[in-house]
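In: turn this into a model:
(2 chains)
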Amino acid sequence: MKAHTDKTYDVQLDDLRNKLLSLGGKVETEIATCMRSLAERDSVLAEQVIAQDREVNRMEVEIDEACRRLLVLRQPAASDLRFITTALKIVVDLERIGDLAVNVAERAIDLNQSPPLRPMHDLTKLAELCQKQVRAALDAFVDGDVAKAEAVIKDDDLLDSVYHNLFSELLALMMEDPRNIRRANSLLFVAKHLERLGDHATNVAEMVIYMVRGTDVRHPGSRNSKSVPP
Amino acid sequence: MNETKIEVQKLNAWFKTTHALKDVSLTVPKNTVLAIIGPSGCGKSTFVRCLNRMHELVPGARQSGKVLVDGQDLHARRVDPVDLRRRVGMVFQRPNPFPTMSIFDNVVAGLRLNGIRGNYDEQVEKSLRQAALWDEVKDRLQHSALSLSGGQQQRLCIARSLAIEPEVLLMDEPASALDPIATAKIEELIHDLRATLTIVIVTHNMQQAARVSDATAFFYLGELVEHGPTEEIFTNPREPRTEDYVTGKFG
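Out: The predicted model follows:
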């Protein structure tokens, strides 16, 4: 990629990119750790996730500041403008993914205090899919890879169908024996958090397509309903 | 889309052996603002100078191709260049009021030169109001034009151009010598003038081009690289050279 005439601009953009990647790496770890906490029934891991999220929040603020600084000092255009506005949006998604991992960790602490329900294969599958989606969305962002981003958006359907299967399975467990309700309900929350987490990965992927192509692929149905300025 | 005001077809321009414009074709709809951007020496100024036949005044300058205003070829034999420049006014980079004349006389200079008689008072007020200068100078119209600040002098030059009621206004870096407040006034003025005029503005300031224009044309080495809606040029240009220029990756 061609360098800017003012090299310090490149340094600032690289710095922003690296900060986002580092944030992405942190939330990926959070997802993995909260799921391990659940699988291994280890609440110490869950506490680690909760503690680490403070760093994620701090980084969100730092990235916001870096974006604002670039906007006002550089008045970016074209691909630079699209990159910085994308950064401003995906930082929110990444931070939310971190929050959802914390929610899962909190449920894990609760669940780890009771005896386990029977193994939930679909939950493991859902968690793996989520991690894969987040990693793929971040890879698409780093490589500016539209095909990869499109795959993330498409694969969200897969994630949704696993979630729905899991939902039915947990519902059946609850109906089977009322003593399962509390734990199954907690697991249902975990599943819902993971499903939401996948949606944030999709948001990131959609922004990557905007960043690369300049076309907005969100909400395809509302394309012609542009509001008229007053 | 508005009807076409200016149509340029395969315009080429030379200074002696230097080929300054290469096969430029574009149209400017009526009552819109076209911004011309590009690095120094890309042919921006030459382009606007072809639009009112000022290019041909340079010794050794030549051109080919067509420039049509309202469908009329500017280089047709019966077109009088002086009459043409009445229809296509121009404002330059450095404010250039007539130094020995008063503010009033500067505004009416074009009218007098064109032998237009009538109520100059009315015309002066109208032009100065259009140029957003009236309130600042109404009590000292007989003062020398040089008593004005740079920004005021530039608006005086705009008022002088407007007095003869042109249809097209060419602006070659009209705000580059002005402070930010005077620049903002000129930009607001461009916005207002669009209602009655078609404007072509050359600028090195890309944010200014983005703010004031409907369409933007990017020139490089005498070629028209890309021409499109301003928003597109600055958010998602098609040509890699435009992308490099608007993001600051040139040279």
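
In: going forward, measure contacts and count neighbours with C-alpha atoms only.
Out: Will do.

In: how about B:Ala131, what does it touch?
Out: Neighbouring residues of B:Ala131 by CA atoms under 8 Å, 6 or more residues apart in numbering or on different chains: B:Arg155, B:Leu156, B:Ile158, B:Ala159, B:Leu162, B:Leu189.

In: got a pLDDT number for it?
Out: On pLDDT, B:Ala131 comes in at 89.

In: now flag whichever of the contacts of B:Ala131 is closest to chain A.
Out: Using CA to the nearest CA, B:Leu189 comes nearest to chain A of those, at 21.2 Å.

In: from memory that closest one sits against B:Leu128, does it?
Out: No: B:Leu189 is beyond contact range of B:Leu128, at 11.3 Å (criterion: CA atoms under 8 Å).

In: what about these two, which has more around it?
Out: Between B:Leu189 and B:Leu128, counted using other CA atoms under 10 Å in any protein chain shown, the more crowded position is B:Leu128 (26 against 17).

In: where along chain B do the strands fall?
Out: B:4-15, B:18-29, B:33-37, B:61-69, B:72-73, B:88-91, B:168-172, B:198-202, B:215-220, B:223-229 (DSSP state E).

In: okay, the ones you listed in CSV with distance to A:Lys19 next?
Out: Converted to CSV, the strands of chain B look like this (distance: least, CA to CA, whole Å):
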stretch, distance to A:Lys19
strand B:4-15, 48
strand B:18-29, 44
strand B:33-37, 34
strand B:61-69, 52
strand B:72-73, 58
strand B:88-91, 47
strand B:168-172, 43
strand B:198-202, 39
strand B:215-220, 34
strand B:223-229, 34
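
In: tell me which of the ones you listed lies nearest to A:Ser186.
Out: Nearest to A:Ser186 among the strands of chain B is strand B:223-229; the distance by CA to CA comes to 53.3 Å.

In: is that closest one up against chain A anywhere?
Out: No: judged by CA under 8 Å from any CA of the partner chain, strand B:223-229 and chain A are separated, with a smallest distance of 13.2 Å.

In: shaky segments in chain B?
Out: B:1, B:251 (pLDDT under 70).

In: quick check: residues of chain A near chain B?
Out: A:2-6, A:75-82, A:213-214.

In: B:Pro229 contacts B:Asp214, correct?
Out: Yes: with contact defined as CA under 8 Å, B:Pro229 reaches B:Asp214; the gap is 6.0 Å.

In: which of those two has more neighbours?
Out: Set side by side, B:Pro229 and B:Asp214 show more neighbours around B:Asp214, with 18 against 15, by other CA under 10 Å.

In: and that one, what does it touch?
Out: Contacts of B:Asp214 by CA under 8 Å, 6+ apart are B:Thr32, B:Val33, B:Leu34, B:Ala35, B:Pro229, B:Thr230.

In: distance to B:Glu223 for those residues - can I get that in TSV?
Out: Listed next are those as TSV, based on distance: CA to CA, whole Å:
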residue	distance to B:Glu223
B:Thr32	22
B:Val33	20
B:Leu34	16
B:Ala35	15
B:Pro229	18
B:Thr230	18
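
In: what's the burial count for A:Gln113?
Out: Neighbour number of A:Gln113 under other CA under 10 Å is 11.

In: am I right that it is in a helix?
Out: No: the assignment for A:Gln113, made by DSSP: H, G, I helix; E, B strand; the rest coil, is coil rather than a helix.

In: how about it, phi and psi?
Out: Per-residue torsions, A:Gln113: phi -80, psi -10 (degrees, to the nearest 10).

In: burial count for B:Ala159?
Out: 28.

In: apologies, that question was intended for A:Asp143.
Out: 12.

In: how close does it get to B:Arg62?
Out: Applying CA to CA, to the nearest Å, the value for A:Asp143 to B:Arg62 is 49 Å.

In: and the residue of the stretch 1-150 of chain B that's closest to chain A?
Out: Distance from chain A to each residue of the stretch 1-150 of chain B (CA to the nearest CA) is smallest for B:Pro39, at 13.0 Å.

In: circling back to that earlier point, between the strands of chain B, which gets nearest to A:His164?
Out: Among those, strand B:223-229 sits nearest to A:His164 (CA to CA), with 45.9 Å.

In: quick check: angle from that closest one to strand B:18-29?
Out: Using axes from the mean of the first three to the mean of the last three CA atoms, to 10 degrees, the direction of strand B:223-229 lies 20 degrees away from that of strand B:18-29.

In: many thanks, have a good one.
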